[in-house]
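In: compute the structure for the input listed below.
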Amino acid sequence: MRSEIKIVEDVAAPATVALVNIVTKEVAPDWNEWGHYILTGLGYVGALMGFGGGYVKNLGVASLSGTVDHIYTRIKGGVTSKVAGSRLAYRPTPSPVRQPVQRSYQPEFEKVSPYAV
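Out: Residues are numbered from 1 along each chain as shown. Alright, predicted model coming up:
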C-alpha cells in the first residue's frame, strides 16, 4: 500500500501551527499559550462537527503537543515568563554583607593632597 502526502492537510496544517507559534512568541507572547488552546480546540471540535476536513483535524493534532506542554507547565509551577518581564525583576537584590562605602586608594594618587591649592 502506498501512502500519499496531501499538501494542504499534511503540510499546511502543521506549518500553520508553527507559524502561529512563532508569530505569537515574537509579537504577543501572552497570547502564545492561548493560540495553542484555540488551535487545538478548533481542530478537534471542528473534526467532531465535520467541517474543515483533514486540514482542521490536523490543526488540532499538530497543536496538541504545545497545548499539553502549556497545561503541564501551569500545573507544575505556573508561568514564569511574566515575572521575568515585570518590574520586580529589575529591582536590585540586597547585599548579604552590609559594609559602609570606603575610599579606595590607588598608588598613582598617593602624593596628591585632599586640599586644592
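In: give me the buried positions along stretch 24-43.
Out: 24, 32, 33, 35, 36, 39, 40, 43 (16 or more other CB atoms under 10 Å). For every residue, glycine as well, the C-beta is placed using N, CA and C.
In: tell me which element the first one falls in.
Out: Here residue 24, judged by DSSP states H and E, is contained in helix 13-27.
In: likewise for the second one?
Out: Element membership for residue 32, per DSSP H and E: helix 32-49.
In: now the angle from that helix to helix 13-27?
Out: Orientation note: helix 32-49 sits at an angle of 150 degrees relative to helix 13-27 (axes from the mean of the first three to the mean of the last three CA atoms, to 10 degrees).
In: can you list the helices and strands that helix 32-49 packs against?
Out: helix 13-27, helix 53-76 (3 or more CB pairs under 8 Å, 6 or more residues apart in numbering; DSSP states H and E).
In: quick one: the closest residue in space to residue 47 that isn't next to it in sequence and residue 22, what's the gap?
Out: Once flanking residues are discounted, residue 47 sits nearest to residue 57: 3.9 Å by CB to CB, 6 or more residues apart in numbering. For residue 57, the distance to residue 22 equals 22 Å [CB to CB, to the nearest Å].
In: higher neighbour count, those two?
Out: residue 57 (17 against 11; other CB atoms under 10 Å).
In: and residue 50, how many neighbours does it have?
Out: When neighbours are counted by other CB under 10 Å, residue 50 comes out with 8.
In: for it, give its distance to residue 72.
Out: 31 Å.
In: now for the closest residue to residue 59 other than its chain neighbours: which residues touch it?
Out: Among residues not flanking residue 59 along the chain, residue 43 sits closest, at 3.8 Å (CB to CB, 6+ apart). For residue 43, the contacting residues are 13, 56, 57, 58, 59, 60, 61, 62, 63, by CB atoms under 8 Å, 6 or more residues apart in numbering.
In: understood, closing this out.
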